[in-house]
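# Here is a sequence with its predicted model. Questions after.
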Amino acid sequence: MKTATAISLLLVSVIHGGEITVIRAPFSVVRSFSVTIVVHPEGNQERAVARFKQPDVRALKPGAEGCLLLPGREDARIAAKVETVEVAPDEDTATVVLSTAKTDDVVLRPGMTATAMIITHHNNDAISLPKAAVSLHPQGWCVEVKRADGKKELRIVHRGRETNDKVEILSGLEPGQVVIVP
């Protein structure tokens, strides 16, 4: 099962009773999916393999990084990196191969399963808001901004990537502005 979640390394916004003060902070989109551990035939290096329907694999690119979580050992995060994304020519599936870092703490064995969490998008200097703050109007995507005089105005914004609960704002807002969240 795949999900997208936001990982924030810093405070994303300061919430005061339905109002959010806009700040810039890191914003990431993370895809999580089940993988099976295999031993690479050339050498003794561990790999994690997952099979996807083709449309679900578009966000995963070689070089993308993340980690593996083992059931019952969620405290032990194993570094992982997307090695290859291979689309089957006559099928509607794709295979994703992840390389994993060796760790003294956890031994990976062929056939083990894990959850891979791979960062598919990251912006170190992003503005992000709760999805509830952004709505579609005839003029486009908008947020309600509280002006300095206390009045509210509708502001058109350009949306970027989104997670289950956040949306990246590419333009239309500046740090320090106050957004009303319904």
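Alright, I've got the coordinates.
# Name the residue most distant from the centre of this structure?
The outermost residue of the chain, judged against the average C-alpha position, is Asp149 (36.8 Å), by CA atoms, centre = their mean.
# distance of the residue nearest to the spatial centre of the chain from Glu65?
Nearest to the centroid of the C-alpha atoms of the chain, with distances taken as CA atoms, centre = their mean, sits Val29, at 1.5 Å. When distance is defined by CB to CB, to the nearest Å, Val29 is 13 Å away from Glu65. Any C-beta I mention is one placed from the backbone N, CA and C, and that applies to glycine too.
# Mind listing the shared neighbours of those two?
Common contacts of Val29 and Glu65, defined by CB atoms under 8 Å, 6 or more residues apart in numbering, comprise Ile119.
# Going along the chain, name the helices of the protein.
In the chain, no helices are found when defined by DSSP state H.
# low-scoring pLDDT stretches of it, where are they?
Scanning the chain for pLDDT under 70 picks out 1-17, 39-46, 53-56, 90-91.
# By residue count, tell me the biggest strand in it.
If you go by DSSP state E, the chain has its longest strand at strand 113-130.
# how about that one: buried residues?
114-118, 120-123, 126-130 (16 or more other CB atoms under 10 Å).
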